[in-house]
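# fold the following.
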Amino acid sequence: MDHIQLSSFLFTFFVISISPGLCMTLALSLGIKYGIRGTIPMMGGELIGVATVAAASVYGVASFMLAFPDVFNTLKVLGGLYLIYSAIKYWKDSEKINQLNNDESLTKRKLFAYGLTTALANPKGWAFMVAVLPPFLSTSQTIASQLSVLVPIILFCELTCMMIYASGGKVLQSFLFRKGKAHLLNKMSATVLLVVGVWLLTG
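Next up is the predicted model:
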């Protein structure tokens, strides 16, 4: 793949990544609640999920998922229900904003799970990978060698865009604390997580 193709690929996936979707909405929501640093575990899970989807799409697992939609639908339902459950919990805890990080290790695991589940269960993510990746692949090179170049570009785009969205959430968080509205953080985060969960269930 020459420099022109790589540049085209980078531009294409940056546009796809920056577009509002499940993962970016989650980054914004958690950026509001935990700030940029606290959102990093979610980003790690999301990046692993995206890399898995990219590789699986190229190697044909997407065809299996299409042939057995119940597998994919089950994953979507579980992911959606998990996010909805979390949204309800955040809303109930809206008056306990100072207790968010009492169990830091557990919180990190949950954030990682949010990112991984959302990336793996995102139907648009699978659709984009299946539709966009193949045109950039060459029959003259092995799939593994091409993925070793393309996947890092995808992950770079995803991480950059998640940082942008999480930064927006951090700015909003600071504004609410200055205004004495810190209790609204959980409610806002809960609302966005609820939207993401419903999106997974109905998408």
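
# the closest residue to Glu46 other than its chain neighbours: neighbour count?
Ranked by Cβ to Cβ, 6 or more residues apart in numbering and with sequence neighbours excluded, the top spatial neighbour of Glu46 is Gly115, at 3.5 Å. In this view, the C-beta of every residue, glycine as well, is placed from N, C-alpha and C. Using other Cβ atoms under 10 Å, the number of residues around Gly115 comes to 27.

# quick one: contacts for Gly115?
By Cβ atoms under 8 Å, 6 or more residues apart in numbering, the contact set of Gly115 is 23, 26, 41-49.

# could I get these as TSV with secondary structure, pLDDT and neighbour count?
Output for these, formatted as TSV (DSSP: H, G, I helix; E, B strand; the rest coil; pLDDT from 0 to 100; neighbours: other Cβ atoms under 10 Å):
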residue	secondary structure	pLDDT	neighbour count
Cys23	helix	84	28
Leu26	helix	83	31
Pro41	helix	93	21
Met42	helix	92	28
Met43	helix	95	22
Gly44	helix	96	16
Gly45	helix	95	25
Glu46	helix	94	31
Leu47	helix	96	21
Ile48	helix	96	16
Gly49	helix	94	21
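
# ok, which stretches of the protein are helices?
3-18, 22-59, 61-67, 69-92, 104-120, 123-132, 143-178, 184-202 (DSSP state H).

# buried deepest among those, which one?
Counting by mean count of other Cβ atoms under 10 Å, helix 22-59 has the highest mean neighbour count of the helices of the chain, with a mean of 22.

# would you single out the least confident of the helices of the chain?
With a mean of 57, helix 61-67 has the lowest mean pLDDT of those.

# residues touching the residue nearest to Cys161 when sequence neighbours are not counted, list them.
In this structure, Cys161 finds its nearest non-sequential neighbour in Ser17, 4.2 Å apart by Cβ to Cβ, 6+ apart. Residues counted as contacts of Ser17 (Cβ under 8 Å, 6+ apart) are 24, 154, 157-158, 160-161.

# doesn't Val149 make contact with Ala54?
No: if you go by Cβ atoms under 8 Å, Ala54 and Val149 don't touch, sitting 11.7 Å apart.

# returning to what we had before: how near is the residue nearest to Glu46 to Phe13?
Using Cβ to Cβ, to the nearest Å, Gly115 is found at 18 Å from Phe13.

# try Leu30
On the measure of Cβ to Cβ, Leu30 and Phe13 end up 22 Å apart.

# again, but for Ser167
According to Cβ to Cβ, Ser167 stands 20 Å off from Phe13.

# which residue packs closest to Tyr59, ignoring adjacent ones?
Ile143 is the one closest to Tyr59 (Cβ to Cβ, 6+ apart), at 6.9 Å.
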